[in-house]
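J.: One predicted model, sequence on top.
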Amino acid sequence: MTIHLETQSDLEEAVQALVKRDTRLKPVLEIAGMPSLRRREPGFAGLAHIVCGQQLSTASAGAIWGRLNAAFDPFDHDAVRRARADRLGRLGLSAAKIKTLKHLARELAAERLNLDVLAEEDADAAHHTLIALPGIGPWTADVYLLFCLGHGDAWPAGDLAVQESIRIGLGLKTRPTEKQMAPLAEPWRPLRGAAAHLWWSYYRAVKKREGVLAGEANAVLNNVAVAKRSGVKEKMPARKKPGPSP
């Protein structure tokens, strides 16, 4: 049975279950704190939102998404399927993203694709269904499964933040590759999605702590530098005013 992370309570229960099952995660949770559940709109709109944000800054992606929502009421697959490509381009979408959204819209209209049913499928099978669609890569697929469908076992094996946090948290010598991430996450099935939330929270906590320590170290170095400069001045004899020329 597929576990869903619909509420914050669902996530907290899943994380506690993970920690009991794998004691290596106890210190990770102590540093990370309980992660917050992140959810997005499901269906075509949710997936389109993720596609719009591919390889863009948060600000740019937000601006394009705002224009799309303002231009279509409602914003659904039928509206995108009927829209002219040049109109979508003027709203800020690249040719590649227009092609992706058009293809999704046609597949949904023809009922060859059902995005909602993916929530009940095995996480790996759902992942492969999505990445088989043009323009949908692993990152887009995993974000949709995790945040739009709340799939409890979706596993973002290619996410660099998750990879790096696992390296630190499990004391690995090197950051695991996407291929190596699969066996590492086996102990966390069928709650790998909850584990991903925990590792993201851990990554943010570690980076924040590193930033604080770096700031403290810089403050100490600055204080030492100031002390040294003050010490040099104190040891230097006062300059005498030049006497009259002989």
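T.: Here it is on my side, so go on. Numbers count the residues shown, from 1 in each chain.

J.: Quick check: closest non-adjacent residue to residue 152.
T.: In space, and not counting its chain neighbours, residue 152 is closest to residue 3: 3.4 Å by C-beta to C-beta, 6 or more residues apart in numbering. The C-beta positions use only the backbone N, C-alpha and C, and glycine is treated the same way.

J.: Contact partners for that neighbour?
T.: 10, 14, 152, 153, 190, 191 (C-beta atoms under 8 Å, 6 or more residues apart in numbering).

J.: Check what pLDDT the fourth one gets.
T.: What that stands for is residue 153. Reported pLDDT at residue 153 in the predicted model: 97.

J.: if we can go back for a sec, sitting in helices, which of the contacts of residue 3 do you find?
T.: 10, 14 (DSSP state H).

J.: Out of the contacts of residue 3, the closest to residue 32 would be?
T.: Nearest to residue 32 among the contacts of residue 3: residue 14, at 14.1 Å, using C-beta to C-beta.

J.: So what's the residue count around the closest one?
T.: Look at residue 14: counted by other C-beta atoms under 10 Å, it has 25 neighbours.

J.: what do you get for the one 3 residues further on?
T.: Counted with other C-beta under 10 Å, the neighbours of residue 17 add up to 14.

J.: For it, what is the enclosing helix or strand?
T.: Under the criterion of DSSP states H and E, residue 17 resides in helix 8-21.

J.: counting contacts, what elements does that helix pack onto?
T.: Applying 3 or more C-beta pairs under 8 Å, 6 or more residues apart in numbering; DSSP states H and E, one finds that helix 8-21 contacts helix 25-32, helix 192-235.

J.: Of those helices, which shows the lowest average pLDDT?
T.: Note on the helices and strands packed on helix 8-21: lowest mean pLDDT is at helix 192-235, with a mean of 72.

J.: Show the backbone phi and psi for the residue nearest to residue 152.
T.: phi -90, psi 140 (degrees, to the nearest 10).
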